[in-house]
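Chemist: what follows is a predicted protein model with its sequence.
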Amino acid sequence: SVRGGGAVLAAVGRGLYAAGAWLGRCLVVVPVTWLYAWVLTPVGRALLWSVRGGGAVLAAVGRGLYAAGAWLGRCLVVVPATWLYRWVLTPVGRAIAWCGRGIAWCLRMVVTGVGAALYWTARILLVLPALALWRWVLAPVGRGLAVVAREVGAALGHAWRIAGHVSLAVGRFLGTVFRLLVGDPARWVYRTLLTPAGHVVRDAVWRPAAEASRAVGRAVRQALADVRGSVRRARADVRRALFGEPVKEPPVARREPSAAGARTLGSSTTALTKD
């Protein structure tokens, strides 16, 4: 029974699908196909033809306008400019260039002439007289002065060496005379008279005087020390008589504090100041 119901439903479904497909073809596909074939296609071809025709017309109009503009530009700009350049600017430029070359040539010739004139003037007025003065006056005079200076220098050198030998001999003679007249008598007086007299004065006068002065100094220092001790004892006796015996302070222990009496982090007093 289930298989029979499935076959029936399958057949009904196929029939409904076939009916829907036929209705869709009749109601949608055929009208759309006809509309595309007989309406849209002719309208599109007509629009394409009109656009192509308008483009061709516009292209022809543009080519005509371009040709007219080119002809007008050639007639109004290129031809006058060419004529102006060929028949006006070129001759004027050539004339200006020729004038410039002529002016430059004139200036060059003037500068060359002035330079040549100044050169020859300076050569004639300065260089040639200076050269003649140097060649015929200064050079011979310089050579003569050089010879004279060389001879004078040689003479002065010989004189300086002779004066050196003479001064050395005179110096030695004066030194010998000074030694014989002053040095040797002074040395003999110092060794023979002054040295023994100095030793006698040192042994008989200076050493006893120094010993006596040292003894006097020691006695004076001892007397001053005794006087200071007496004054100190008298002052202490007067102080005791007036104020009595001074109160003796108890001795302070100088040893290190024990661990129990040492300062800790929590305490605010040290081992020497706390009660």
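Modeler: Nice, I can see it. If you're wondering where the values come from, they're calculated on a predicted model, not measured in any experiment. Numbering: from 1, shown residues only.
Chemist: show me what contacts A139?
Modeler: Residues near A139 by CB atoms under 8 Å, 6 or more residues apart in numbering: none. Using the backbone N, CA and C atoms, a C-beta is placed for each residue, glycine as well.
Chemist: what strand or helix carries it?
Modeler: helix 139-178 (DSSP states H and E).
Chemist: how far off centre is that helix?
Modeler: Relative to its parent chain, helix 139-178 has a centroid offset of 59 Å by CA atoms, centre = their mean, to the nearest Å.
Chemist: swap in stretch 134-144?
Modeler: That offset, for stretch 134-144, works out to 57 Å (CA atoms, centre = their mean).
Chemist: how about stretch 44-63?
Modeler: 78 Å.
Chemist: do the same with stretch 108-124
Modeler: 52 Å.
Chemist: could you do stretch 180-189 as well?
Modeler: On CA atoms, centre = their mean, the centre of stretch 180-189 falls 74 Å from that of its chain.
Chemist: if you count contacts, what does the helix or strand bottoming out on mean pLDDT in the chain end up packed against?
Modeler: Every helix and strand of the chain was ranked by mean pLDDT, DSSP states H and E. The lowest is helix 2-24, at a mean of 72. Helices and strands touching helix 2-24, by 3 or more CB pairs under 8 Å, 6 or more residues apart in numbering; DSSP states H and E: there are none.
Chemist: and L128, which of the three is it?
Modeler: helix (DSSP: H, G, I helix; E, B strand; the rest coil).
Chemist: which ones are touching it?
Modeler: Contacts of L128 by CB under 8 Å, 6+ apart: none found.
Chemist: go again with 10 Å.
Modeler: L128 makes contacts with A122, as judged by CB atoms under 10 Å, 6 or more residues apart in numbering.
Chemist: likewise for T82?
Modeler: Contacts for T82 (CB under 10 Å, 6+ apart) come out as R74.
Chemist: could I get the pLDDT score of it?
Modeler: We have a pLDDT of 87 for T82.
Chemist: start the count at 31, not 1, going forward
Modeler: Sure, I'll start numbering at 31, so the last one becomes T112.
Chemist: how near is it to A51?
Modeler: Using CB to CB, to the nearest Å, we find T112 at a distance of 81 Å from A51.
Chemist: in the protein, mark out all the helices, start to finish.
Modeler: Using DSSP state H, the helices of the chain run over 32-54, 60-65, 71-103, 109-114, 120-152, 158-163, 169-208, 214-219, 225-231, 237-273.
Chemist: just how off-centre is the fifth one within its chain?
Modeler: It stands for helix 120-152. 52 Å.
Chemist: could you list the low-confidence segments of this structure?
Modeler: In the predicted model, the chain carries pLDDT under 70 at residues 31-36, 274-305.
Chemist: what's the local residue count around V261?
Modeler: Applying other CB atoms under 10 Å, we find 10 residues neighbouring V261.
Chemist: wait, what's in contact with it?
Modeler: So V261 contacts nothing (CB under 10 Å, 6+ apart).
Chemist: separation between it and L272?
Modeler: Relative to L272, V261 is positioned 17 Å away (CB to CB).
Chemist: what of P61?
Modeler: Taken as CB to CB, the span from P61 to L272 is 155 Å.
Chemist: the more surrounded of those two?
Modeler: Per other CB under 10 Å, whichever of P61 and L272 has more neighbours is P61, with 10 against 7.
Chemist: and the gap between that one and V69?
Modeler: For P61, the distance to V69 - CB to CB - is 11 Å.
Chemist: check F208 too.
Modeler: Look at F208 and V69: by CB to CB, they are 159 Å apart.
Chemist: V38 too?
Modeler: Counting by CB to CB, the gap from V38 to V69 is 45 Å.
Chemist: do the same with G92
Modeler: Taken as CB to CB, the span from G92 to V69 is 34 Å.
Chemist: do the same with V107
Modeler: Per CB to CB, V107 is found 55 Å from V69.
Chemist: do the same with G84
Modeler: From G84 to V69 the distance is 23 Å (CB to CB).
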